[in-house]
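1. Pasted the sequence and its predicted model underneath.
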Amino acid sequence: MTISDATKLSPAGAVSVRPLIWIGAITTGTVVTNLFAPQILVGLIGNSLGMTALQAGLISTLTLLGYALGLLLLVPLVDLVENKRLILRTLGCAIVAAGGTALAPTPLILLVATFILGASCAAIQMVVPLVASMVPPERRGQAIGDVMSGLMIGILLSRPLASLIADAWDWRGYYVTSAVLMTVLAGALARTLPTLQPAAQVGYGALLRSFPRLLREEPVLRVRAWTAALVMASFTAFWAAVALRLPDAPFHLDARGIALFALIGVAGAVATPLAGRWGDRGYARPMLIGSHLMIIGALALCAWAAVLESRIAALLALSVGTILLDLGISTDQTLGRRAVNLLRPEARGRINGLFVALFFIGGAVGAAAASAAWSFGSWTMVCVVAGAFGVLGLITDIATKTGSS
């Protein structure tokens, strides 16, 4: 196994890479559901605890805010603290926070618990670069793609799974299930993760202060984070509005039908390992161009589906468009992660934290843009705005080759 010069792997870490990739994919896919499940559970939680509309709205907001702070304040510790211990402790905090959310007797305790849970979900972005560092550079895209497939599946399944668990049990049942699954995964990680000691010889404050310098000195990080933010904006714009459109003609889907429709997007996760493999073979640039063209075409297809008279034809067109959209987004995300993980090994925690934080901002912009577009021109305008983000990505592909090799 080839290990970066900037890291030191203990004998205990001399493990087979394939089990590490699998457990990494399962872990990221499981943990990430905690970030998006509140969006579907907020109504049930609010009614159960007698929360005001403002308090209920804070559930999802604080979860995502906690995650954003975790990316910026916790993930950089990957460059300073032994990685296995850091991941297990962060995941342990997530388990406690999920349990606290499930048992929360008051709105205040629940909001605090969800904030801590969101911050602890930053463990995801500690696992991905650790797995990437365990393989040679020429196979890094494949490894990242495999782990990212778990992450994408978790994102796409989070809402329908939370809905189904809450329907069968209640909203507390989702958080109990999450805590149990993360406990099982923590045990598996304790046995599987190698011991990886970072070589950075700086303090925590210096790590945080290095963020602007990394952005300034690494054009690959800037460009790939930019396109990742754009496609994430397309993703969140589409999924934030599609649930509002599906109940109406010509789709006529009820709540259960909408949950089942969300499962269609999982098909897009197949692109992540394929994109990683083809990126390793030198086809990153044409695949990036193709991914952004696919996003543009997919959203045009989704807009057209809404004006069809046949319900079956409309659902088929929308389903194909959804799959193509998720294929394009998964491809860009995987190739972007591959590119940034080939940068400075001694700064992989900070680089990954920055990369994810920046495309996370893109997701927030997409959600806001979808809300404005829906008010201005309903579904068609949402598709136009989401497609525009893809156009900006395509323009970036044409303007620069940075990070596409």
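-> Received the coordinates, thanks. Numbering: from 1, shown residues only.
2. Can you give me the neighbour number for residue 287?
-> Residue 287: 22 surrounding residues under other CB atoms under 10 Å. Every C-beta, even on glycine, is put in place using the N, C-alpha and C of the backbone.
3. any idea of the mean pLDDT in the helix or strand harbouring it?
-> Counting by DSSP states H and E, the element that carries residue 287 is helix 284-305. The average pLDDT for helix 284-305 rounds to 96.
4. List the buried residues of that helix.
-> For helix 284-305, the neighbour count (16 or more other CB atoms under 10 Å) marks 284, 287-299, 301-303, 305 as buried.
5. Who are the packing partners of that helix?
-> On a contact count with 3 or more CB pairs under 8 Å, 6 or more residues apart in numbering; DSSP states H and E, helix 284-305 meets helix 219-245, helix 271-280, helix 311-340, helix 348-399.
6. and of those, who's closest to residue 125?
-> Residue 125 lies closest, by CB to CB, to one member of those: helix 348-399, at 5.2 Å.
7. ok now that closest one, how far from the chain's centre?
-> Mean-position distance between helix 348-399 and its chain equals 14 Å (CA atoms, centre = their mean, to the nearest Å).
8. what do you get for stretch 248-262?
-> Centre-to-centre, stretch 248-262 and its host chain are 24 Å apart (CA atoms, centre = their mean).
9. And it, what's buried?
-> Residues of stretch 248-262 classed as buried by neighbour count (16+ other CB under 10 Å): 250-251, 253, 258-259, 261-262.
10. Which residues does it contact?
-> 156-157, 159-160, 163-164, 239, 242-243, 245-247, 306, 308-311, 314-315, 318-319, 322 (CB atoms under 8 Å, 6 or more residues apart in numbering).
11. ok, 7 Å please
-> Stretch 248-262 is contacted from outside by 156, 159-160, 163-164, 243, 246-247, 308-311, 314-315, using CB atoms under 7 Å, 6 or more residues apart in numbering.
12. so where is the stretch 251-400 of the chain shaky, pLDDT-wise?
-> 268-271 (pLDDT under 70).
13. Residue 342 contacts residue 139, doesn't it?
-> No - look at residue 342 against residue 139 with CB atoms under 7 Å: they stay out of range, at 11.5 Å.
14. Mutual contacts of the two, please.
-> Contact with both residue 342 and residue 139 is made by no residue, according to CB under 7 Å, 6+ apart.
15. List phi and psi for residue 104.
-> Dihedral pair for residue 104: phi -60, psi 120, per degrees, to the nearest 10.
16. residues contacting it?
-> Residues in contact with residue 104 (CB under 7 Å, 6+ apart) are 110, 113.
17. ok, now how distant is it from residue 97?
-> In this view, residue 104 and residue 97 are 10 Å apart by CB to CB, to the nearest Å.
18. which residues are in contact with both of those two?
-> Both residue 104 and residue 97 are contacted by residue 113, under the criterion CB under 7 Å, 6+ apart.
19. hmm, back to that, present the helices and strands packed on helix 284-305 as TSV; the columns should include distance to residue 122 and mean neighbour count.
-> Formatted as TSV, the helices and strands packed on helix 284-305 follow (distance: least, CB to CB, whole Å; neighbours: other CB atoms under 10 Å):
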stretch	distance to residue 122	mean neighbour count
helix 219-245	17	24
helix 271-280	20	24
helix 311-340	16	24
helix 348-399	8	20
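20. To residue 36, which of those helices lies closest?
-> Among the helices and strands packed on helix 284-305, helix 219-245 comes nearest to residue 36, with 9.2 Å by CB to CB.
21. That closest one versus helix 311-340: what angle between them?
-> With axes from the mean of the first three to the mean of the last three CA atoms, to 10 degrees defining the directions, helix 219-245 sits at 160 degrees from helix 311-340.
22. Distance from stretch 343-362 to the middle of the chain?
-> With CA atoms, centre = their mean, you get 13 Å for stretch 343-362.
23. And the contacts of it?
-> By CB under 7 Å, 6+ apart, stretch 343-362 touches 4-7, 68, 71-72, 75-79, 125, 128-129, 133, 199-200, 207, 210-211, 214-215, 218, 220-221, 225, 228-230, 232-233, 336, 340-341.
24. Selection in ChimeraX covering whichever of those are buried, please.
-> Restricted to buried positions by 16+ other CB under 10 Å, the ChimeraX selection for these reads:
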select :4,7,68,71,72,75,76,77,78,79,125,128,129,133,200,207,210,211,214,218,220,221,225,228,229,230,232,233,336,340,341
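25. Please report the distance of residue 177 from residue 17.
-> As judged by CB to CB, residue 177 and residue 17 stand 30 Å apart.
26. ugh, typo on my part, it should be residue 248
-> Following CB to CB, the distance that separates residue 248 from residue 17 is 48 Å.
27. same question, residue 239
-> From residue 239 to residue 17 the distance is 33 Å (CB to CB).
28. what do you get for residue 264?
-> Residue 264 sits 32 Å away from residue 17, going by CB to CB.
29. what does residue 182 give?
-> For residue 182, the distance to residue 17 - CB to CB - is 23 Å.
30. Show me which of the two is the more surrounded one.
-> Of the pair residue 182 and residue 17, residue 182 is the one with more neighbours under other CB under 10 Å, namely 26 against 16.
31. Mind telling me what element that one is part of?
-> Assigned by DSSP H and E, residue 182 falls in helix 171-192.
32. I'd like the next helix or strand past that helix.
-> Sequence-wise, the next helix or strand downstream of helix 171-192 (DSSP H and E) is strand 196-198.
33. Can you name the next helix or strand after that following strand?
-> Next element after strand 196-198 (DSSP H and E): helix 204-209.
34. List the buried residues of that following helix.
-> Quick answer for helix 204-209 (16+ other CB under 10 Å): residue 207.
35. could you give the mean pLDDT of it?
-> Mean predicted confidence for helix 204-209 is 84.
36. which residues are contacting that helix?
-> 76, 79-80, 350.
37. tell me the contacts of residue 64?
-> Contacts of residue 64 by CB under 7 Å, 6+ apart are 35, 118.
38. What of residue 216?
-> Residues near residue 216 by CB under 7 Å, 6+ apart: none.
39. Could you look up the SS state of it?
-> At residue 216 the chain is in helix, as set by DSSP: H, G, I helix; E, B strand; the rest coil.
40. how near is it to residue 173?
-> In terms of CB to CB, residue 216 sits 47 Å off from residue 173.
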